[in-house]
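A.B. asks: need a 3D model of the sequence below.
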Amino acid sequence: MNGRLLVTDLIRRGGIYGLTAEKFSMGRSNPDVVRAMLDAGVRIVQYREKTKKMGAKYEECLALRAMTRQAGAAFIVNDDIDLALLVDADGVHVGQEDLPVAAVRSLVGEGRAIGLSTHSPEQARAAVAAGADYIGVGPIFATQTKDDVCAPVGLAYLDYVVREIDLPFVAIGGIKAHNLAEVAGRGAHCTALVTEIVGVPDIRGKVAALHRVLDAARK
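C.D. replies: A predicted model of the protein is given here:
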């Protein structure tokens, strides 16, 4: 299975979409955090470290690519297409102000997934027309894990995507243990949680608890 199919299949199956965020990781390295995620059953990992030097990002991504491949997990690089290609990532995730999907496709080819962050029904429809493989839906709630984040889009936009958009999607933004059931219960079977996972001492235990919430919401 190529990376494009792996990513879309895993998102449709649902579960936790893991992201790196080293500044919130209690002094632990990204490889240490991702190892704990993988051991806990996370099968999609996105590398998102915007402020690191390129050499450091390259070395980390090589390590994470090896770890995810061994675990049968998908590895996605945020924004940096060159880096995604260099480490043979399964996909790349871009934002509304990054290169358009068609341009990204011309660089990454047909075998890698392209994810696109969306914040409105108009952007979701445009993502479908542009050929994105999956979309990010959010931020559902307020979040402090990104410096350039837009205002929360709320649950109404999530409801719209569930009802109208036939693309795999990941709900993201301010999702925590206390509101995960509400988000999942509205049809968001694949959810991204950042500080709720990387910022706790027991990552394995936290992921297990989050998976139980997701499983209960789907019954």
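A.B. asks: same question for the lengthiest helix in the chain, mean pLDDT?
C.D. replies: Scanning the chain for the helix with the most residues, using DSSP state H, yields helix 54-71. For helix 54-71, mean pLDDT is 98.
A.B. asks: now the helix or strand following that helix against helix 54-71, angle please.
C.D. replies: The first helix or strand that comes after helix 54-71 along the chain, using DSSP states H and E, is strand 74-78. With axes from the mean of the first three to the mean of the last three C-alpha atoms, to 10 degrees as the basis, strand 74-78 and helix 54-71 are set at 160 degrees to each other.
A.B. asks: mind checking how far strand 74-78 is from the chain centre?
C.D. replies: 8 Å (C-alpha atoms, centre = their mean, to the nearest Å).
A.B. asks: now swap in stretch 4-15 and tell me
C.D. replies: That offset, for stretch 4-15, works out to 11 Å (C-alpha atoms, centre = their mean).
A.B. asks: same question for it, mean pLDDT?
C.D. replies: 97.
A.B. asks: contacts for the longest helix of the chain?
C.D. replies: 20, 29-31, 34-35, 38, 43, 45, 47, 49, 52, 74-75, 77, 80, 83, 86-89 (C-beta atoms under 8 Å, 6 or more residues apart in numbering). In this view, the C-beta of every residue, glycine as well, is placed from N, C-alpha and C.
A.B. asks: now list the buried members of those.
C.D. replies: 20, 30, 34-35, 38, 43, 45, 47, 49, 74-75, 77, 80, 83, 86-87, 89 (16 or more other C-beta atoms under 10 Å).
A.B. asks: from those residues, which ones fall inside helices?
C.D. replies: 30, 34-35, 38, 83, 86.
A.B. asks: from residue 141, how far out is residue 164?
C.D. replies: 21 Å (C-beta to C-beta, to the nearest Å).
A.B. asks: hmm, back to that, for the longest helix of the chain, list the C-alpha coordinates in PDB.
C.D. replies: Extracted in PDB, the C-alpha atoms of helix 54-71 (Å, rounded to 0.1, in the frame of the first residue of the first chain):
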ATOM      1  CA  MET A  54      16.500  22.200   9.000                       C
ATOM      2  CA  GLY A  55      19.300  19.800   9.800                       C
ATOM      3  CA  ALA A  56      17.800  18.900  13.200                       C
ATOM      4  CA  LYS A  57      14.400  18.400  11.600                       C
ATOM      5  CA  TYR A  58      15.900  16.100   9.000                       C
ATOM      6  CA  GLU A  59      17.600  13.900  11.500                       C
ATOM      7  CA  GLU A  60      14.500  13.700  13.700                       C
ATOM      8  CA  CYS A  61      12.300  12.900  10.700                       C
ATOM      9  CA  LEU A  62      14.600  10.100   9.600                       C
ATOM     10  CA  ALA A  63      14.300   8.500  13.000                       C
ATOM     11  CA  LEU A  64      10.500   9.000  13.100                       C
ATOM     12  CA  ARG A  65      10.100   7.600   9.600                       C
ATOM     13  CA  ALA A  66      12.000   4.400  10.600                       C
ATOM     14  CA  MET A  67       9.900   4.100  13.800                       C
ATOM     15  CA  THR A  68       6.500   4.600  12.100                       C
ATOM     16  CA  ARG A  69       7.400   2.300   9.200                       C
ATOM     17  CA  GLN A  70       8.300  -0.500  11.700                       C
ATOM     18  CA  ALA A  71       5.000   0.100  13.500                       C
END
